[in-house]
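[1] okay, structure incoming, though there's no sequence with it:
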DNA sequence: CCGCAATAGTTGGTGCCCTAACTTTGAGTC
DNA sequence: GACTCAAAGTTAGGGCACCAACTATTGCGG
């Protein structure tokens, strides 16, 4: 039906159809390159390209020397409701709650450094570029495999000399609670969501299967009395996440 | 630095670096395929692949017969605050407000039909699959070019026989106001955000430059007194949009 | 000066080939 | 049975050569 579409897109569409129809279930192996060549009567150039399209879409994943398999995707819900209003039991960190509520085991690494504020961050924090800020890099793991990165910036003008200058177990507690202990009452959260391709370092740190992976980036900024007190870039593989926002109307 | 990276990724990284550094400004033309071949000492296979990577990332755009150019991206902010609480002047439709506030001219087309409720939608609306729903397909334009698609579903059990059974100028008014006129008070909005590759029909309807484009999909559901009364899939080109959410903490 | 046609340059798509590296399988041995 | 090892199958990366279609430029004729 899609008449004059290039061959590699036709083959990609055909395979995509089989996948979304469930005919090729998650974990199933796609026909091999050579089999596709004979089945569709094209050269390897075309079959390679077709498969590359599906890889870029995150639908399939190639295993070197073995085959190309339909990915089993299990989306983790990142829920912004309940987030930062910790009435219930369980972990107080947003990430830990999302992971445990999907039945997985959370873990994280972090590393802090005092740096001069980068331009893009300065605009978000309302400080001058180069002002001293504490940058903390997090890597979050679910069941042992990395699924989320975050880079947080806090103006040292706020936390310098306080017990929470370093976020030690920051990821376990959350910024809101930490700031609260030094009398900074966070009252508003703004999140900006964009989607883009993965950067090379993200591919490495998240163990993504090669290039072209899609990422979702949440630029979160916490405000206290109208002034930004913390901002973070939270980046996650787009095909493993789903963001949920909820608010009252009227 | 990334030593043993494949050649096509090295070249892609090199060009990407020049682009983000501003050395290759938006609108600038990349070196031609043959120039890259001689400059990097590789075959056309490699240069083609490198450029394909950048295209998939949405950084560049090929113009047949002319060259490959750095895309000028201008992100439209889709703000969920103020959205659906219409105190201020101007358009009452969420989309129209987003577009006008960025200085562009909004327009849209829509087309409605009564259909049996698809499975995935039935789960979101809390009705049985096959139940009669009104499906409305929108296409939104900014300055004449299509940038957003939406498909909305309303159970006809709610609107049948009322003045707002058909959303006529629905996009101009917004669902909340329409429902309000028939006494259905929408009190909560839930949005689920996912990112994925574009489907073929979306590529066509949004005039996207070929395949592999990234899309953001917002699955929005309106509730009235705890029951879903409308749900919509809002899909937009990821590189032209930025979603903003804002809520009070504590 | 204007318009037109030839021409050179460019992208998009494809075919065919090769090598390296990895996985799976099966045969054969201990 | 367990273990080794070779062979077959597979992906990943790359090279070279075409052709079609489109664009930009240039030179020529009026």
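    Cool, got the structure. Small disclaimer: the values here were computed from a predicted structure and weren't measured.
[2] got phi/psi on the spatially most central residue of chain A?
    Nearest to the geometric centre of chain A sits residue A:236, at 0.7 Å (C-alpha atoms, centre = their mean). Main-chain dihedrals, residue A:236, degrees, to the nearest 10: phi -140, psi 150.
[3] check contacts around residue A:227.
    The contact partners of residue A:227, taken as C-beta atoms under 8 Å, 6 or more residues apart in numbering or on different chains, are residue A:126. (Each C-beta comes from the backbone N, C-alpha and C, glycine too.)
[4] if we can go back for a sec, if I look at the residue nearest to the centre of chain A, how far off is chain B?
    Note on residue A:236: its distance to chain B, by C-beta to the nearest C-beta, to the nearest Å, is 10 Å.
[5] next one: residue A:152
    16 Å.
[6] now that residue, what's its secondary structure?
    strand (DSSP: H, G, I helix; E, B strand; the rest coil).
[7] what residues does chain A put near DNA strand C?
    Neighbours of DNA strand C within chain A, by C-beta under 7 Å from any atom of the strand: A:6-8, A:41-46, A:49, A:63-66.
[8] what about residue A:246, how many residues close to it?
    Number of residues near residue A:246 (other C-beta atoms under 10 Å in any protein chain shown) recorded here: 18.
[9] quick check: the gap between it and DNA strand C.
    From residue A:246 over to DNA strand C the distance is 41 Å, taken as C-beta to the nearest atom of the strand, to the nearest Å.
[10] same check, this time on residue A:23
    From residue A:23 to DNA strand C the distance is 21 Å (C-beta to the nearest atom of the strand).
[11] hmm, the helix or strand encompassing residue A:97 touching chain B?
    Using DSSP states H and E, residue A:97 sits in helix A:94-100. No - using C-beta under 8 Å from any C-beta of the partner chain, we find that helix A:94-100 stays clear of chain B, coming within 11.6 Å at best.
[12] skip ahead from that helix and say which helix or strand is next.
    Criterion used, DSSP H and E; the element after helix A:94-100 is strand A:106-116.
[13] ok so, going back, wait, what's in contact with the residue nearest to the centre of chain A?
    Applying C-beta under 8 Å, 6+ apart to residue A:236 gives the contacts A:78, A:147-149, A:215-216, A:218.
[14] going by distance to chain B, which of the residues you listed wins?
    residue A:216 (5.2 Å; C-beta to the nearest C-beta).
[15] sorry, back to before: how about the helix holding residue A:97: buried residues?
    Neighbour counts over helix A:94-100 (16 or more other C-beta atoms under 10 Å in any protein chain shown) mark A:94-99 as buried.
[16] got these as TSV, with pLDDT columns?
    Listed next are these as TSV, based on pLDDT from 0 to 100:
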residue	pLDDT
A:94	74
A:95	81
A:96	80
A:97	80
A:98	82
A:99	83
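[17] which members of those residues are the farthest-apart pair?
    The span of the buried residues of helix A:94-100, defined through C-beta to C-beta, is set by A:94 and A:99 at 9.8 Å.
[18] which of the residues of chain A next to DNA strand C fall within strands?
    Assigned to strands by DSSP state E, the following of those qualify: residue A:63.
[19] which of the residues of chain A next to DNA strand C lies closest to DNA strand C?
    Of all those, DNA strand C sits closest to residue A:65, with 2.2 Å by C-beta to the nearest atom of the strand.
[20] which residue would be the closest one in chain A to DNA strand D?
    Counting by C-beta to the nearest atom of the strand, chain A gets nearest DNA strand D through residue A:62, at 2.2 Å.
[21] quickly find the element holding the residue lying closest to that residue once chain neighbours are set aside.
    If the residues on either side of it in the chain are set aside, residue A:62 comes closest to residue A:68, at 4.8 Å by C-beta to C-beta, 6 or more residues apart in numbering or on different chains. Taking DSSP H and E as the definition, residue A:68 sits inside strand A:67-70.
[22] is that strand in proximity to DNA strand D?
    Yes - using C-beta under 7 Å from any atom of the strand, strand A:67-70 comes into contact with DNA strand D via A:67-68.
[23] list the buried residues of that strand.
    A:68-70.
[24] so for stretch A:20-39, mean pLDDT?
    Per-residue pLDDT over stretch A:20-39 has a mean of 94.
[25] show the end-to-end separation of that stretch, please.
    Terminal residues of stretch A:20-39 are spaced 21 Å apart (C-alpha to C-alpha, to the nearest Å).
[26] same question for stretch A:31-48.
    One end of stretch A:31-48 to the other measures 12 Å (C-alpha to C-alpha).
[27] follow-up on the earlier one: how near is the residue nearest to the centre of chain A to residue B:117?
    According to C-beta to C-beta, to the nearest Å, residue A:236 and residue B:117 sit 31 Å apart.
[28] ok, residue A:114 next?
    56 Å.
[29] again, but for residue A:224
    To residue B:117, residue A:224 is 45 Å away according to C-beta to C-beta.
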